[in-house]
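Asker: Mind looking at a prediction? Sequence and model below.
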Amino acid sequence: MAPVTCDRPRVHRRVLLVAVLGSLLRGLSFTFWSSALEGTRAGPASAIARRASKEESQVLKLCDEYPLNDADIDDQEEMMTAVKKLPEAPDDCYQLFLGDWKVEWSSMGGKAAKKKPDPNGPPQRLNFVSFMALPPVDVEFTGSFNRVSGDGEGGTYQLLQTFTIPDNDGVEAAMVLEGEWRPVDDRARPSRAWRTGTGSSSGPWGEGAPRKRVPTEFKTVRLVPSASDTEKSKEMLEKAGLGKFFERTPVKARATYIDLKQISDEMRTHQGESGAWYILTKMDDGSIPFLLD
């Protein structure tokens, strides 16, 4: 995938676009521990473990203990060993999919929390994670949430990427990608873009074993302020020339999907189209700390 030239700035831009945008499409790997989440199910993963099964509790414990900035291959192998012991997603997985979720960990990015900036890495910019719909404003990504609404037959999928803009005392806002999700059977809806098959993986997604697949396709992007510091959040965005993006802006994004590997009332594990794995914990409904409504 990497270009063969030695144009380093162009390489950095392309690598960042592929890695970060790929993460967005496939579940994301960023998150943070916010004081705004105290008292909700969006706190440390271990706080949920008392309600989880033995296998889930082990995975959540490893999410809390996972090294933030210096994880190695042994840490990842320990996590994946625990993940693959989780029970398979049940038949009612699409109903369980509904609600608010917080990303905890991914095999691409490790522990889903704000990390030390890499002085040698490419810049973090909003255009790279918005299908080029937002301006190239430098930001520091701080977290990620999902809101899934509708019913067991489909609905709306909102993916939040939270961030702060440097020199704003850590004030946060969120970028929201929004689109459809619809787990329909090939026989019920033959459209190739949405074909999934709840009992098989035939159609556009390739041949293979049965899986619980959720196609998604983002249609718009917008910016929303923090619920805990709304005025300062809006001021930060307006000062950066982003005020007009409070309204939904169309994006050009191809359809993608996630496979639900495990899901319960407490947590979810899925694998994205790229093959990367993600762990999310369930939040109380309406507890995402950004103004979505």
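Answerer: Right, received. Where do you want to start?
Asker: Can you list the helices and strands that the top strand by length along the chain packs against?
Answerer: Longest strand in the chain by number of residues (criterion: DSSP state E): strand 212-225. Under the contact definition 3 or more Cβ pairs under 8 Å, 6 or more residues apart in numbering; DSSP states H and E, strand 212-225 sits against helix 93-96, strand 154-164, strand 173-181, helix 230-239, strand 249-250, strand 256-263. No exception for glycine: its C-beta is placed from N, CA and C like everyone else's.
Asker: Can I get the ones you listed in CSV including mean pLDDT, mean neighbour count and distance to Asn69?
Answerer: Below are the helices and strands packed on strand 212-225 laid out as CSV (pLDDT from 0 to 100; neighbours: other Cβ atoms under 10 Å; distance: least, Cβ to Cβ, whole Å):
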stretch, mean pLDDT, mean neighbour count, distance to Asn69
helix 93-96, 92, 19, 33
strand 154-164, 94, 22, 18
strand 173-181, 97, 23, 24
helix 230-239, 98, 16, 26
strand 249-250, 98, 13, 34
strand 256-263, 93, 22, 27
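Asker: could these go into TSV alongside distance to Ser287?
Answerer: Converted to TSV, the helices and strands packed on strand 212-225 look like this (distance: least, Cβ to Cβ, whole Å):
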stretch	distance to Ser287
helix 93-96	17
strand 154-164	12
strand 173-181	14
helix 230-239	16
strand 249-250	26
strand 256-263	19
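Asker: Show me where the stretch 1-150 of the chain has its helices.
Answerer: Ranges of helices within the stretch 1-150 of the chain are 8-25, 54-65, 73-83, 93-96, based on DSSP state H, counting those that start in this stretch.
Asker: Comparing these by mean pLDDT, which bottoms out?
Answerer: Lowest mean pLDDT within the helices of the stretch 1-150 of the chain: helix 8-25, at a mean of 45.
Asker: pLDDT score for the residue lying closest to Glu266 once chain neighbours are set aside?
Answerer: Excluding the flanking residues, the one nearest Glu266 by Cβ to Cβ, 6 or more residues apart in numbering is Ala52, at 4.6 Å. At Ala52, the model reports a pLDDT of 73.
Asker: so Ala52 touches Gln262, yeah?
Answerer: No. At 10.9 Å, Ala52 and Gln262 do not qualify as touching, with contact defined as Cβ atoms under 8 Å.
Asker: Next, find the distance separating the closest residue to Phe290 other than its chain neighbours from Phe141.
Answerer: The shortest distance from Phe290 to any non-neighbouring residue, by Cβ to Cβ, 6+ apart, is to Ala174 (4.4 Å). Taking Cβ to Cβ, to the nearest Å as the measure, Ala174 falls 10 Å from Phe141.
Asker: Overlap of the contact sets of the two?
Answerer: Residues touching both Ala174 and Phe141 (Cβ atoms under 8 Å, 6 or more residues apart in numbering): 161-163.
Asker: picking up where we left off before, list the contacts of the residue nearest to Phe290.
Answerer: Contacts of Ala174 were listed using Cβ under 8 Å, 6+ apart, and they are 145, 160-163, 223-224, 226, 290.
Asker: Which residues does it form beta bridges with?
Answerer: In this entry, Ala174 is beta-bridged to Thr162, Val224, by DSSP bridges.
Asker: about what we covered before: counting neighbours, what do you get for the residue nearest to Glu266?
Answerer: Using other Cβ atoms under 10 Å, Ala52 is surrounded by 20 other residues.
Asker: which ones are touching it?
Answerer: With contact taken as Cβ under 8 Å, 6+ apart, Ala52 is in contact with 60, 264, 266-267.
Asker: That'll do, ta.
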